[in-house]
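K.L.:
How does the following fold in three dimensions:
(chains A and B)
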Amino acid sequence: METSNQVDPHSHQHDHRGHAHEFQQDYPSEPQRPTREQLAHINGWGADLDRKDRPGVPMERTPPRFIPPPVDRLPQQEQTVEILTSTERPGITPIFGTVQPPKGLSGMIRRAAFRWSENDMRHWLLLLAADRVNVVEGIGEDLSQGKVPNVLAEMGIKAEWEHNRAGLVKKAVVAGAVLGTMVYLMRRRDER
Amino acid sequence: MLAMNYRGPYRVRADHKPDPVIEHPGDAIVRVTRTCICGSDLHLYHGMVPDTRVGHTFGHEFIGVVDDVGSDVKNLKVGDKVLVPFNLFCGSCFYCKHELYGNCNNTNAQASAVGGIYGYSHTAGGYDGGQAEYVRVPMADVGPHIIPDDIHDDDAVLLTDVTPTGYQAAEMGDIKEGDTVVIFGAGPIGLIAAKSAWLMGAGRVIVVDEVEYRLEFAKRWAQCEVVNFREVNDMAEHIKKMTDWMGADVCIDCVGGDAAGSIAQTLTGRLMKAQAGSSTVLHWAINSVRKGGNVSIVGVYGPTFNMVPMGNVLNKGLTIRANQASVKRHLPRLIEHIRAGRLSPKDIITHRIPLEEVSDAYHIFSSKLDECIKTVLIPPRAKDVSAVQASKSQ
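P.N.:
This is a model prediction of the structure:
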């Protein structure tokens, strides 16, 4: 396709290296700006040119315009499951999510992670570790419910087959070759 | 109900889960009629966001019909058609009072740096998302916005995140008349940011990506120049060259921690997780912008540290702005733009896929198959609503 490597209507089209006049002062000292006429074909150009039309200006705006008036004290949500809370705030927030409470080994790791603040790398590294443990727990959970997870379907193999058949075949061939080589090497080792 | 179910990196499926219930007097239950897969969902899908638990339902871009309301809800009633901003916010904390809805302090118990976000891990509050038939919507008087009759459902669902985020990305760049704006990422957010840059009076808009069909779409839809970074030796040098060696006035990061283009960043960020995702785009943005220029960041990074060239930020005197979009404050103006025909977000939707096929939908979007730009998922119980909408729009 044609990209700005080939087409760049606003600037020099060729590499100046090696030219006789290779001086910084050969170039404009200020940014070059197109005229309004040159931009007139852009649909909606300049509709928000005036900063007062931009909803995020000023950056902090008070009082808020588009929501009901704030209340002094929000009703507190009832806690029915274990919620891990950041050490960087006091207690639990008035509203919180309750899905997938911590459980199992991953839950233990998550509880440990929440002993440290968000400012501490141990917090995040433990959570990432817990996520990986949780994936294995998820497979166990499926099996315990009599469900064998169809991992290839979960990874979208149908879409891969429909839209990237050559790529899928290539991956299968490479995987087969790697697997075949490993089996061959292991057998050869056993034969010695 | 049927819902998307996360099973681990690159593994999701549609499963039956219990229906959500009212847990707080300010809650509503919304029956989802359309929901999107967002580029940010891919950070979860790729296992990059800490505390993404197996069983979680993603989806922070959704619209639907109010199915039930809690006892404190006054402004919504059963049957209302609503779009729901991706961030949960209370409307009462210090930040909400300043219209910083993306920074609400009362909806996420599990982290203080980020507010609550639907379907975005327990780091963002542990709320299930909208890639389901039903979803719990807390603070229903504050967050949801009733969809005006003249706004198409496809535009409405893109007003929940992608359109306000792309618009805010441009706005945080503080674009002035004639500015050269470089946008990294030709995904949905980058496309809206490009359109928004023109609305704010940019003189030149350049979109950078590696996928040719996305660049072709950007060039056609957002009328911008494009650069395929695979075809240039050095990104910063190339942008300088394109701008008579000045650099761009504004650089916008619409990619975040999944950025390609640097072996070292891929190794340390995307594979080893030794930093909060690959910061390739931050490097390029900081080094491509002119001295005294602005860098705007809406690409999502993890909560840990990133290796970025802070020395250049200091020496060049840059202004960096970044945030999750405060969706609600942008809605009135963006609806005006849609009505006036200046912006048509629904044009970027390339795929409409039943929720039942969520595994394939994620794979298509993640692997950029079938020239996918933006995917909408349709839950089974929404099909009647979609049919009505389709017949209306004909």
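K.L.:
Could you find the closest non-adjacent residue to the one residue sitting closest to the centre of chain A?
P.N.:
Geometric centre of chain A, nearest residue: A:L128, 14.7 Å, by C-alpha atoms, centre = their mean. Spatially, and ignoring its direct neighbours in sequence, A:L128 is nearest to B:P50 (5.0 Å; C-beta to C-beta, 6 or more residues apart in numbering or on different chains). Quick note: C-beta positions are derived from backbone N, CA and C, even for glycine.
K.L.:
Can you get me a residue count around that neighbour?
P.N.:
B:P50 has 25 neighbours, counted by other C-beta atoms under 10 Å in any protein chain shown.
K.L.:
Next one: it, what pLDDT does it get?
P.N.:
B:P50 is assigned a predicted lDDT (pLDDT) of 94.
K.L.:
tell me the SS of it?
P.N.:
Using DSSP: H, G, I helix; E, B strand; the rest coil, the structure places B:P50 in coil.
K.L.:
do B:V54 as well
P.N.:
Per three-state DSSP, B:V54 ends up coil.
K.L.:
OK, contacts around it?
P.N.:
A:Q100, A:N134, A:V135, A:E137, A:G138, A:E141, B:Y6, B:R7, B:G8 (C-beta atoms under 8 Å, 6 or more residues apart in numbering or on different chains).
K.L.:
Tell me the spacing between it and A:G56.
P.N.:
37 Å (C-beta to C-beta, to the nearest Å).
K.L.:
again with B:N312
P.N.:
26 Å.
K.L.:
same thing with B:M246?
P.N.:
From B:M246 to A:G56 the distance is 27 Å (C-beta to C-beta).
K.L.:
With neighbour numbers in mind, choose between those two.
P.N.:
Under the neighbour definition other C-beta under 10 Å, B:M246 and A:G56 were set side by side, and A:G56 has more, 24 against 21.
K.L.:
Could you tell me how many residues sit around whatever residue of chain A ends up closest to chain B?
P.N.:
At 2.4 Å from chain B, A:G156 is the closest residue in chain A, using C-beta to the nearest C-beta. By the criterion of other C-beta under 10 Å, A:G156 has 27 neighbours.
K.L.:
B:K195 now?
P.N.:
B:K195 has 29 nearby residues by other C-beta under 10 Å.
K.L.:
same question, B:N87
P.N.:
Neighbours of B:N87 (other C-beta under 10 Å): 29.
K.L.:
Skip the chain neighbours and tell me the closest residue to it.
P.N.:
B:G102 (5.0 Å).
K.L.:
try A:R33
P.N.:
B:G178 (3.3 Å).
K.L.:
I'd assumed B:G201 was in contact with the one you found.
P.N.:
Yes - at 7.1 Å, B:G178 counts as touching B:G201 under the criterion of C-beta atoms under 8 Å.
K.L.:
between these two, who's got more neighbours?
P.N.:
A direct count of neighbours by other C-beta under 10 Å for B:G178 and B:G201 places B:G201 higher, at 21 against 17.
K.L.:
and that one, how far is that from chain A?
P.N.:
4 Å (C-beta to the nearest C-beta, to the nearest Å).
K.L.:
Touching, that residue and B:D174? I think so.
P.N.:
No - contact between B:G201 and B:D174 fails when scored by C-beta under 8 Å: they sit 11.3 Å apart.
K.L.:
Let me know the helix or strand that B:C36 is in.
P.N.:
strand B:28-37 (DSSP states H and E).
K.L.:
how distant is that strand from the center of its chain?
P.N.:
Remark: strand B:28-37 is offset 16 Å from the chain centroid, using C-alpha atoms, centre = their mean, to the nearest Å.
K.L.:
buried sites along it?
P.N.:
Using 16 or more other C-beta atoms under 10 Å in any protein chain shown as the test for burial, strand B:28-37 gives B:A28, B:I29, B:V30, B:R31, B:V32, B:T33, B:R34, B:T35, B:C36, B:I37.
K.L.:
Could you do stretch B:83-98 as well?
P.N.:
B:83-93, B:95-98.
K.L.:
Which ones among those residues map onto helices?
P.N.:
Applying DSSP state H to the buried residues of stretch B:83-98, the entries found in helices are B:Y95, B:C96, B:K97.
K.L.:
Please identify the residues of the stretch 251-394 of chain B in proximity to chain A?
P.N.:
Residues of the stretch 251-394 of chain B found near chain A (C-beta under 8 Å from any C-beta of the partner chain) are B:273, B:290, B:302-305, B:321, B:326, B:328-333, B:337, B:340-343, B:357, B:359-364, B:366-367, B:369-370.
K.L.:
just the buried members of those?
P.N.:
By 16+ other C-beta under 10 Å, these give B:273, B:290, B:302-304, B:321, B:326, B:328-331, B:333, B:337, B:342-343, B:357, B:359-364, B:366-367, B:369 as buried.
K.L.:
Just the CA trace of the strand holding B:C36, in CSV.
P.N.:
The C-alpha trace of strand B:28-37 is given here as CSV (Å, rounded to 0.1, in the frame of the first residue of the first chain):
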residue,chain,number,x,y,z
ALA,B,28,-30.0,-1.7,38.3
ILE,B,29,-29.9,-4.9,36.2
VAL,B,30,-29.6,-4.2,32.5
ARG,B,31,-30.5,-6.7,29.8
VAL,B,32,-27.7,-6.3,27.3
THR,B,33,-28.6,-5.7,23.6
ARG,B,34,-25.2,-4.9,22.2
THR,B,35,-21.7,-5.2,23.6
CYS,B,36,-18.3,-4.8,22.1
ILE,B,37,-14.8,-6.3,22.4
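K.L.:
Who are the packing partners of it?
P.N.:
Here strand B:28-37 touches strand B:62-69, strand B:81-84, strand B:134-137, helix B:153-157, helix B:358-366, strand B:375-378, helix B:383-393, going by 3 or more C-beta pairs under 8 Å, 6 or more residues apart in numbering or on different chains; DSSP states H and E.
K.L.:
looking at the ones you listed, which is closest to A:E78?
P.N.:
Among the helices and strands packed on strand B:28-37, strand B:134-137 comes nearest to A:E78, with 14.0 Å by C-beta to C-beta.
K.L.:
Neighbouring strands - and their directions - for that closest one?
P.N.:
strand B:28-37 (antiparallel) (DSSP bridges).
K.L.:
Leaving out the residues flanking it, which one is nearest to the residue in chain B that chain A sits nearest to?
P.N.:
Here chain B gets closest to chain A at one residue, B:H363, 2.4 Å apart by C-beta to the nearest C-beta. In space, and not counting its chain neighbours, B:H363 is closest to A:G156: 2.4 Å by C-beta to C-beta, 6+ apart.
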